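1. Need the 3D shape of this:
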Amino acid sequence: MNIPNWHYIEAEISKLIMQHTSKIEAHETAEYANAIIDAWLFGKSFEKIVAGDKPPEKDREHLKKAAAKLLQARELLLQVGHHGSIALEKQSQINANDKLKQEYRLSENSYSEILANSLSPIADQVDEAARMLSTSDRGLIAVLSGSETNPPPKKGRKQKTAAYYIAKICADIFKAGTDYNISITHDPYTDSNVAGGKFHSFLSAVFALLEIEANVEHYIKKLLTEENKKLNNFLRYFFIAIAPKNTQKRSNNTTLDAER
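-> Residues are numbered from 1 along each chain as shown. Here you go, the predicted structure:
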């Protein structure tokens, strides 16, 4: 398995941040670059989980087997620690004054017990996850994501979670590092079907570096839709919760004026 050169990736993303922003200092780019890397890794991990999604009964079976193996590993660790302690104790009897061997024997036994006992709560958690699946028709993906329903079983379905989270964190970085909001522009003098813009260029460069095969324009539109939804919810709250209070104040002032 090829291990990514994280320092190279961080450095290249930092260069892109410096190229596409104006308010972020050079010493700050590493932190922003690692935020993008974290989003990338989270998305890739989730995509792998979704790609291996199984029906709920299969998830339950695998989790129960995993819990049983963890408990079995715990018993084996305790046995190894016990037999190792006996062997070391016999060895220490050759020289009763050798306190170092005696101390090592005690610490070895203690560490074996600590490691073995640490597996018990993990096994309990895995078993609990299996029970959670048993109480509903939800699969492991739905349980992990907190969704009420299972993902639709579409053949060849490919989740673009990594692209979405990268776009989301890049939008935050772009807004913090420039005087612009995210947007999409089309040049009327060239091909109007080709998207462009400052943020589009930044996100395209990041996608290319991380080899994300996704439509940049689609994810910008997705982020813009989310922003509009948040704005509409705020305005709805404002008119429902705040506007009536102002109406009541105006009504009270009108009453006072009439009395005067």
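
2. now the helices: where do they sit in this structure?
-> Secondary structure of the chain (DSSP state H): helices at 6-20, 29-51, 56-92, 99-134, 140-145, 161-177, 198-209, 216-237, 243-259.

3. Go through those helices and find the least confident stretch.
-> The minimum mean pLDDT among the helices of the chain belongs to helix 243-259 (a mean of 54).

4. contacting residues around Glu211?
-> Shown in contact with Glu211 (CB atoms under 8 Å, 6 or more residues apart in numbering): no residues. Every C-beta, even on glycine, is put in place using the N, C-alpha and C of the backbone.

5. next one: phi and psi at it?
-> Note on Glu211: its backbone torsions stand at phi 60, psi 40 [degrees, to the nearest 10].

6. separation between it and Lys64?
-> Distance of Glu211 to Lys64, computed by CB to CB, to the nearest Å: 37 Å.

7. How about Leu223?
-> According to CB to CB, Leu223 and Lys64 sit 41 Å apart.

8. Then Ile3?
-> Per CB to CB, Ile3 is found 33 Å from Lys64.

9. and if you look at Leu16?
-> With CB to CB as the criterion, Leu16 and Lys64 are 46 Å apart.

10. Who has more neighbours out of those two?
-> Leu16 (22 against 17; other CB atoms under 10 Å).

11. tell me the contacts of that one?
-> Residues near Leu16 by CB under 8 Å, 6+ apart: 202, 205-206, 209.

12. will you turn those into a markdown table that also has neighbour count and distance to Thr178?
-> Compiled in a markdown table, those are given as follows (neighbours: other CB atoms under 10 Å; distance: CB to CB, whole Å):
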| residue | neighbour count | distance to Thr178 |
| --- | --- | --- |
| Phe202 | 23 | 9 |
| Ala205 | 19 | 14 |
| Val206 | 24 | 15 |
| Leu209 | 15 | 19 |
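
13. ok, these vs Asp38, which is closest?
-> Distance to Asp38, by CB to CB, is smallest for Val206 among these, at 13.3 Å.

14. Hmm, that closest one is touching Ser14, no?
-> No. Judged on CB atoms under 8 Å, Val206 makes no contact with Ser14 at a distance of 11.4 Å.

15. thought Leu224 was touching Asn181?
-> No. Counting by CB under 8 Å, Leu224 stays clear of Asn181, with 9.1 Å between them.

16. which of those two has more neighbours?
-> Higher neighbour count among Leu224 and Asn181: Leu224, with 15 against 12, using other CB under 10 Å.
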